[in-house]
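Trainee: Sequence and predicted structure below; questions after.
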Amino acid sequence: AVPQPGDLIVWDEHIGIVESVNPDGSMTTIEGNSSDAVTRRQHGAGGDGAVGYVRLG
């Protein structure tokens, strides 16, 4: 599935929130406990190894 803003992005031992998705599929996420801080991070299309996305609704 194509991620949308508000989706959770899931890695093996970490999650984040998709803040925005660019036309090329890359995305900005908000993640906690990344370098001991809550940060915005950029990820390539596919989420740099993400195992999936969760859409709450």
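Mentor: Nice, thanks for sending it over.
Trainee: List the residue ranges of the chain that fall below the pLDDT cut-off.
Mentor: For the chain, applying pLDDT under 70 flags the ranges 34.
Trainee: Let me see the ranges of the strands in this protein.
Mentor: Listed in chain order, the strands of the chain (DSSP state E) span residues 8-11, 14-21, 27-34, 37-43, 52-54.
Trainee: For the third one, list the C-alpha coordinates in PDB.
Mentor: What follows is the C-alpha trace of strand 27-34 in PDB, where atoms were taken according to Å, rounded to 0.1, in the frame of the first residue of the first chain:
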ATOM      1  CA  MET A  27       8.400  10.600   3.000                       C
ATOM      2  CA  THR A  28       8.900  12.700   6.100                       C
ATOM      3  CA  THR A  29       8.200  10.900   9.400                       C
ATOM      4  CA  ILE A  30       8.000  11.900  13.000                       C
ATOM      5  CA  GLU A  31       9.800   9.400  15.300                       C
ATOM      6  CA  GLY A  32      10.500   9.200  19.000                       C
ATOM      7  CA  ASN A  33      13.500   7.600  20.500                       C
ATOM      8  CA  SER A  34      15.500   8.200  17.400                       C
END
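Trainee: list the helices and strands that strand packs on?
Mentor: strand 14-21, strand 37-43 (3 or more CB pairs under 8 Å, 6 or more residues apart in numbering; DSSP states H and E). Any C-beta I mention is one placed from the backbone N, CA and C, and that applies to glycine too.
Trainee: would JSON lines of those strands with distance to Pro5 be doable?
Mentor: Output for the helices and strands packed on strand 27-34, formatted as JSON lines (distance: least, CB to CB, whole Å):
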{"stretch": "strand 14-21", "distance to Pro5": "6"}
{"stretch": "strand 37-43", "distance to Pro5": "13"}
